[in-house]
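> Would you be able to build a 3D model of this:
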Amino acid sequence: MKIEKKEYLSLTNEDKIKIINDIKINHPLFRMALKHIKVCHSDSKSRKDPLSLIITGGPGVGKTTIFKEYVQQNDETIYTSTGTKKNILWATLPQPIRPNSLMEILLKQLGDRRFDKGSQQQKFDRLVGLIKDCGIELIMLDEFQHFINPKTKRPHKDVADWFKSLINHTNIPVVLFGLEDSLDVLKENQQLSRRFKRRVNLEPFGYRNKSDIENFNRLLQEIERLLPFEEPSRLISLSEKIYSATDGIMDNIMNLLREAAYIAIKENDNKIKSEDLYAAFSYDGHLANKNKINPF
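Predicted structure coming up:
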């Protein structure tokens with residue numbers, strides 16, 4: 001239920017903190033990425049070959065948030081007398097990664113109680129069978145950069161070849177999420193690369209020109225609209241400083257403003273002040289550790 005600004009004064013601090021924790025910003029880049037995933041998910045049913053997608057970007061730009069959001073909105077699991085029906089198979093990839101460990105993760109996700117039993121070929125056959133039996137329509141994997149060996153900086157060829165074989169045997173779309181060097185896996189495996197024709201790269205917000213600044217300010221306006229404060233914090237007036245503190249990275253922005261909001265609530269203030277942002281920046285070891293001068 002939507003709460004009017006005038007009602008925020010009657011909320012407890014615990015209620016306000018819950019609202020802050022639950023804030024989700026569906027900005028244009030997120031909507032665009034979610035739309036691409038939906039196209040892969042729905043259109044592949046009418047295509048000869050599945051339409052697969054890779055979403056890349058630096059740390060904190062929102063890849064995992066998009067991953068979780070799509071799963072939350074679209075994943076359905078139905079238990080019947082004849083078995084389990086599930087439309088999305090999703091997992092976060094471990095490091096280090098091997099074909100065997102990845103198969104066990106996916107088998108467990110599909111409810112295989114013997115996920116760690118059998119030879120590698122037996123696990124592969126069970127996985128392909130379960131994907132078909134459960135009615136999986138889409139596979140989503142986060143942290144795809146783990147396909148790269150951290151020591152050699154080269155892709156794990158056996159993992160990439162195994163993954164290509166899984167795609168060939170199931171013929172369903174796959175959406176991958178990873179850091180920008182994830183593309184190196186595709187560069188070194190052209191057969192795998194051809195299966196991921198659609199690619200999206202998420203970038204931090206810019207602050208170079210009028211259009212960048214307007215986009216960034218719209219983001220701050222949306223965040224302020226959702227904050228549980230009756231009085232305006234006028235975040236736009238601190239736009240340049242907020243950008244300087246966060247480099248326009250979505251995760252940094254939300255962490256900074258959430259922490260500032262917590263501080264304001266603790267001090268029984270009804271808005272975020274510049275002093276709160278100063279303290280929030282100082283408390284955030286990730287931001288303060290970049291040898292930046294506190295801009296607030």
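
> Isn't L176 up against R199?
No - using C-beta atoms under 8 Å, L176 makes no contact with R199, being 9.6 Å away. All C-beta atoms are positioned from the backbone trio N, CA, C, and that covers glycine.

> Between these two, point out the one with more neighbours.
L176 (26 against 15; other C-beta atoms under 10 Å).

> residues touching that one, list them.
Going by C-beta atoms under 8 Å, 6 or more residues apart in numbering, L176 touches 52-55, 140-141, 144, 182, 196.

> will you turn these into a markdown table that also has distance to E203, secondary structure and pLDDT?
Shown next, in a markdown table, are the contacts of L176 (distance: C-beta to C-beta, whole Å; DSSP: H, G, I helix; E, B strand; the rest coil; pLDDT from 0 to 100):
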| residue | distance to E203 | secondary structure | pLDDT |
| --- | --- | --- | --- |
| S52 | 22 | coil | 92 |
| L53 | 17 | strand | 95 |
| I54 | 15 | strand | 96 |
| I55 | 12 | strand | 96 |
| M140 | 21 | strand | 96 |
| L141 | 21 | strand | 96 |
| F144 | 18 | helix | 94 |
| S182 | 15 | helix | 92 |
| F196 | 19 | coil | 92 |
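
> Using the record's assignment, carve this structure into domains.
28-202, 206-286 (automatic domain parsing).

> Check the ones you listed for me: which has the lowest mean pLDDT.
In terms of mean pLDDT, the lowest-scoring of those is domain 28-202 (a mean of 90).

> Pull the distance from that domain to the chain's centre.
In this view, domain 28-202 has its centroid 14 Å away from the chain centroid, taken as C-alpha atoms, centre = their mean, to the nearest Å.

> Ends of it, what's the gap?
11 Å (C-alpha to C-alpha, to the nearest Å).

> How about stretch 172-183?
OK, stretch 172-183 end separation, C-alpha to C-alpha: 20 Å.

> Tell me the one of the contacts of L176 nearest L257?
I55 (24.4 Å; C-beta to C-beta).

> and the closest one, bridged to which residues?
For I55, the residues forming beta bridges with it (DSSP bridges) are F177, V200.

> is it true that it touches A33?
Yes - at 5.8 Å, I55 and A33 qualify as touching, with contact defined as C-beta under 8 Å.

> shared neighbours of the two, which are they?
Common contacts of I55 and A33, defined by C-beta under 8 Å, 6+ apart, comprise 66, 200, 202.

> Tell me who's in contact with the second one.
For V200, the set of contacting residues under the criterion of C-beta under 8 Å, 6+ apart consists of 32-33, 36, 53-56.

> I appreciate the help and will end here.
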